[in-house]
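[1] Dropping the sequence and predicted coords here.
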Amino acid sequence: MKNKTLLLTILVFFFAASAQAATFRVDSTANDGDAEVNAATVGACLTPPSGMTNWFTADDSVNDIQGGANAALRNGATYAPGKVGQAFSFDGVDDFVKLPDNFFPYPPNAPAGAAFTFEAWFKTASSGVIFGQQTTDPFNSPSGWVPGIWVGTDGKLRASVFYSGSTANVITSAGAVNDNAFHHVAVTYDGTTQTLYLDGNLVGSKAHTQVDYATVYKYQLGTGYTAFWAGGNGGWLNFNGLID
């Protein structure tokens, strides 16, 4: 087992860093996202928290070692040294990591509105979507889309993991994160409020009610469609860097 830092002990993770690698995880509840990050010690080997539903370590594998929702590398996405162990590596051109369809409980599919936490480490010197949702696989023309979690063209971190009926309901970091250093992102949702944490610090919270726009949703790491969303490029915004 690799030693690593437990980033956030939150229930209902979507992507997370945990005891073997620093890659994203998902859990089934939403808790405050800063205490465990601040208390974590690099090198500590910790037991994954209860309630974790999905865990992608990216250690030369796309397998979900917690929930069995295995992913797939697409268009040249690969692995590189990450925060701890390996990370998913993206060149910013057209590669991504495909996740299973309807990976998240989302309306009208029950249990819509379920609490969750998504967390991951990321590193980039540019912009790009870390986690995206839309009605088609990249790089087709979707009829509906949400960038989810993204580094905008202005370098700021943004989050709106689900559609709420408006593209304006976005939480945005005060400063830029495209400094080619590792940062930790966590997004929690308790069924009514979505909250964004950056490096263990609260960025902000907004009331959020999920609004459906399809029956089948496509998910991936490394790209997302950004037309009409703040910080986007009007189309597919590809991530250039590491997600761990």
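    Everything's here; your move.
[2] Okay, buried residues for stretch 126-140 please.
    S127, G128, V129, I130, F131, G132, Q133, Q134, T135, P138 (16 or more other CB atoms under 10 Å). For the C-beta atoms, the positions are set from N, CA and C on the backbone; glycine is no exception.
[3] Might you report the residue contacts of the first one?
    What that stands for is S127. By CB atoms under 8 Å, 6 or more residues apart in numbering, the residues touching S127 are W150, V151, G152, T153, D154, G155, N178, G231, N233, L237, F239, N240.
[4] Also the third one?
    Taking CB under 8 Å, 6+ apart as the definition of contact, the neighbours of V129 are P147, G148, I149, W150, V151, G222, T223, G224, T226, L237, N238, F239.
[5] switch the cut-off to 6 Å
    P147, W150, T223, G224, L237, F239 (CB atoms under 6 Å, 6 or more residues apart in numbering).
[6] does it sit in a helix or strand, and which one?
    In this assignment (DSSP states H and E), V129 forms part of strand 128-134.
[7] Please tell me how far the nearest residue to Q210 once chain neighbours are set aside sits from G144.
    Spatial nearest neighbour of Q210, excluding adjacent residues (CB to CB, 6 or more residues apart in numbering): F162 at 4.6 Å. Between F162 and G144 the distance is 12 Å, computed by CB to CB, to the nearest Å.
[8] neighbour-wise, which of these two wins?
    The neighbour comparison of F162 against G144 (other CB atoms under 10 Å) goes to F162, with 23 against 14.
[9] Next secondary structure after the helix or strand bottoming out on mean pLDDT in the chain?
    Among the helices and strands of the chain, helix 35-39 carries the lowest confidence by mean pLDDT, DSSP states H and E, at a mean of 34. Downstream of helix 35-39, the first helix or strand assigned by DSSP H and E is strand 52-55.
[10] which of the residues in the helix or strand following that next one are buried?
    Counting by DSSP H and E, the next helix or strand C-terminal to strand 52-55 is strand 72-74. Across strand 72-74, burial judged by 16+ other CB under 10 Å covers L73, R74.
[11] what does stretch 99-119 give?
    If you call a residue buried by 16+ other CB under 10 Å, then stretch 99-119 has these buried ones: 99-100, 103-107, 113-119.
[12] All set now, cheers.
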